[in-house]
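*Asks:* Pasting a predicted model and its sequence here:
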Amino acid sequence: MNKKLLLKVYNVEEFNSNGHLLIDQLTSHLEDKLNAYSKNAINWNEPEHELKFWKDFLKNGSKKDLFKEITKHTTYTHHPHYLGHQVSPPAPITALTGLISSLLNNGTAVYEMGMASNAIERIIIELVCNKIGFKESSSGFLTSGGTLANLTALLSARKAITKKDIWNEGNQNQLGIMVSEEAHYCVDRAARIMGLGNQGIIKVPVTREFQMDTSLLESKFEEAKAKGIEVFAIIGSAPSTATGIFDDLETIGGFAEKQKIWFHVDGAHGGAGIFSKKYRHTLNGIDKADSVVIDGHKMMMMPALTTALLFKNEINSKATFSQKADYLLSDSEHEDWYNSGKRTFECTKNMMSIHWFTLLKLYGEEVFDANVTQLYDMGAIFANLIAEEPNFEVALQPMSNIVCFRFIEPGMSTEYLNELNIKIRQALLEDGEFYIVQTKLKGVHYMRITVMNPFTTLQHFKALIEKIKLIKTSI
Ligand SMILES: *Cc1c(COP(=O)(O)O)cnc(C)c1O
């Protein structure tokens, strides 16, 4: 055994000096990016070049440059020109709670391996349930990401609603869920994992405003029933990822209640709006849900992954992975809140609750209101700016911090404009001063921003538009 090597790995002084150096380095990174002292939000590199760089680095790179190089070769979420995917620029304090979680490595699945994280998780869950408008009989847990949380919620729905005990006896008849055609792809994936297949994923078309068309719910449901499909759940998006448009949760909730099926709200992105006084209305009807997903790592300034999955009825949160039907759970199993692993898909999990708790303790609940409200406000401001530009248009009036827009030229075909917008977006990526993404809505290609950084301003937006105009002249 190479004990000397292991002693070096666990050398405490080395941890201390590396740690101080890293904190200094990340502090300069934050100063540099938050204030936009450095120009770029990303230093784009082709995948093959990036691979070669790291192969070379493993052989020849200097150890002391390791953390610096990793940092440099990333997309800078703290830069105000970062307008891309929906991950937060984490509040710096939550990088420190991430450090605690990594170093202490308490598995959290059982109480004995996560006393603080389990107790704290319960406090967080109670707070979030309360904000949703759930009663005391509600419950939930934290889990690793919206994708896993959506799958877990659908498994709970199946357990609670279907006539047959599928968990124990396997799939017996064709089951189905109803979901907007614009829902996040992970819902489709969850349904396929559950064996529902194409025929079990009943896609409800969207209106011109890209909301689930609720006027079609009854007919879609009856159609499925006539085909022998047992529909057990309907999913509302809050909002849908591509467009940032919220489904009408109130109406969907009413429909689910009438048909006695499960109502799940995928609020991975916008569920955090429960904290915003100004935008709470986007979630009207959320309290009708049987289950709700909210990502901490999107609109709540936390590092990935940490997702709250909340249940209106505590029993359903506990029955999902139990061999027994919910009504057979003993009282002690019902009360067993402190062993969260019994209710989550994952076994070992991060001490993710400490991010939520630390933000609450240090800054109070209003910090979530401040962030969501600021980011959604900026979505509207960007759309207003686009409206003033003759060669630009938005796809939809935004309801959140997600805005789809494109460059247009009068008289040109959709194909031509699609190509043009793809080229502009690619040029932006390679240039790196701004980082934005793209999406296709009903065959039309759009550039897409998500304002994730609370320090992105009108001036930054104007600079982006000027940059796009400049790129256009060179295409
Ligand atoms: C981001 C997102 C997801 C996926 O969540 P992850 O945490 O990335 O797994 C699911 N649904 C919606 C609406 C989302 O925006």
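*Replies:* The structure has been received and is ready for your questions.

*Asks:* Please enumerate the strands of the stretch 151-300 of the chain.
*Replies:* Under the criterion DSSP state E, counting those that start in this stretch, the stretch 151-300 of the chain contains strands at 175-180, 201-204, 230-237, 262-266, 291-295.

*Asks:* same deal with the stretch 1-150 of the chain?
*Replies:* Under DSSP E, counting those that start in this stretch, the stretch 1-150 of the chain gives strands at 139-143.

*Asks:* What is the neighbour count of the residue of it found nearest the ligand?
*Replies:* Here the stretch 1-150 of the chain gets closest to the ligand at one residue, Gly146, 2.4 Å apart by C-beta to the nearest ligand atom. (Each C-beta comes from the backbone N, C-alpha and C, glycine too.) Counted with other C-beta atoms under 10 Å, the neighbours of Gly146 add up to 27.

*Asks:* The residue nearest to Ser180 when sequence neighbours are not counted bridge partners, please.
*Replies:* Closest residue in space to Ser180, ignoring its immediate chain neighbours: Met212 at 3.8 Å, by C-beta to C-beta, 6 or more residues apart in numbering. Met212 has the following beta-bridge partners by DSSP bridges: Val206.

*Asks:* What parts of this protein come near the ligand?
*Replies:* Selection of the chain residues close to the ligand by C-beta under 6 Å from any ligand atom yields 86, 145-147, 150, 184, 186, 237, 241, 266, 268-269, 295, 305, 307.

*Asks:* List just the one of the strands of the stretch 151-300 of the chain that sits closest to Asn18.
*Replies:* Evaluated over the strands of the stretch 151-300 of the chain, closeness to Asn18 peaks at strand 291-295, with 30.8 Å, by C-beta to C-beta.

*Asks:* could you dump that closest one to CSV, C-alpha only?
*Replies:* Extracted C-alpha coordinates of strand 291-295, given in CSV (Å, rounded to 0.1, in the frame of the first residue of the first chain):
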residue,chain,number,x,y,z
SER,A,291,-47.4,17.7,-7.1
VAL,A,292,-45.1,20.6,-8.0
VAL,A,293,-41.5,20.8,-9.1
ILE,A,294,-39.2,23.8,-8.4
ASP,A,295,-35.5,23.9,-9.3
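
*Asks:* ok so, going back, my read is that the residue nearest to Ser180 contacts Ile202, right?
*Replies:* No: counting by C-beta atoms under 8 Å, Met212 stays clear of Ile202, with 11.5 Å between them.

*Asks:* Which one's more surrounded, the two?
*Replies:* Comparing Met212 with Ile202 by other C-beta under 10 Å, the one with more neighbours is Met212, at 30 against 20.

*Asks:* List the contacts of the more buried one.
*Replies:* By C-beta atoms under 8 Å, 6 or more residues apart in numbering, the contact set of Met212 is 180, 182, 204, 206, 236-237, 247-248, 252.

*Asks:* what do you get for Lys469?
*Replies:* Applying C-beta under 8 Å, 6+ apart to Lys469 gives the contacts Asn391.

*Asks:* if I look at it, how far off is Ile235?
*Replies:* The gap separating Lys469 from Ile235 is 40 Å, by C-beta to C-beta, to the nearest Å.

*Asks:* quick one on the thing from earlier: out of the strands of the stretch 151-300 of the chain, the one nearest Ile100 is which?
*Replies:* Nearest to Ile100, of all the strands of the stretch 151-300 of the chain, is strand 291-295, at 20.6 Å by C-beta to C-beta.

*Asks:* and the closest one, average pLDDT?
*Replies:* Mean pLDDT, computed over strand 291-295, is 98.

*Asks:* Next, the residues that contact that strand from outside, please.
*Replies:* Residues contacting strand 291-295 (C-beta under 8 Å, 6+ apart): 128, 132, 145-146, 149-150, 153, 156-157, 262-269, 271-272, 274, 286, 300, 305-312, 316.

*Asks:* now swap in stretch 352-363 and tell me
*Replies:* Residues from elsewhere that reach stretch 352-363 (C-beta under 8 Å, 6+ apart): 91, 93-94, 97-98, 100-101, 108, 116-118, 120-121, 123-124, 127, 142, 144, 296, 300-303, 305-306, 367-368.

*Asks:* Would you map the helices across the stretch 201-350 of the chain?
*Replies:* Secondary structure of the stretch 201-350 of the chain (DSSP state H, counting those that start in this stretch): helices at 217-226, 249-259, 296-299, 314-319, 331-335.

*Asks:* quick revisit: which of the contacts of stretch 352-363 are buried?
*Replies:* Buried by 16 or more other C-beta atoms under 10 Å: 91, 93-94, 97-98, 100-101, 108, 117-118, 120-121, 124, 127, 142, 144, 296, 300-303, 305-306, 367-368, out of those.

*Asks:* Show me which of the helices of the stretch 201-350 of the chain has the highest average neighbour count.
*Replies:* helix 296-299 (a mean of 26; mean count of other C-beta atoms under 10 Å).

*Asks:* Can you measure across stretch 405-416, start residue to end residue?
*Replies:* Stretch 405-416 has an end-to-end distance of 16 Å (criterion: C-alpha to C-alpha, to the nearest Å).

*Asks:* buried ones in that stretch?
*Replies:* 405-407.

*Asks:* any idea which of those residues is closest to the ligand?
*Replies:* Nearest to the ligand among the buried residues of stretch 405-416: Phe405, at 18.9 Å, using C-beta to the nearest ligand atom.

*Asks:* Doesn't the closest one belong to a strand?
*Replies:* Yes: counting by DSSP: H, G, I helix; E, B strand; the rest coil, Phe405 is found in a strand.

*Asks:* Tell me the pLDDT of it.
*Replies:* At Phe405, pLDDT is 98.

*Asks:* Check whether it really touches Val444, as I assumed.
*Replies:* No: taking contacts as C-beta under 8 Å, Phe405 lies outside contact range of Val444: 11.1 Å.

*Asks:* which residues do those two both contact?
*Replies:* Common neighbours of Phe405 and Val444, using C-beta under 8 Å, 6+ apart, are Ala395.

*Asks:* Residue ranges in the stretch 51-200 of the chain under the pLDDT threshold?
*Replies:* By pLDDT under 70, the stretch 51-200 of the chain contains no weakly predicted segment.

*Asks:* which residue ranges form the helices in it?
*Replies:* Going by DSSP H, counting those that start in this stretch, the stretch 51-200 of the chain shows helices at 66-72, 92-104, 115-132, 146-161, 166-169, 185-193, 197-200.
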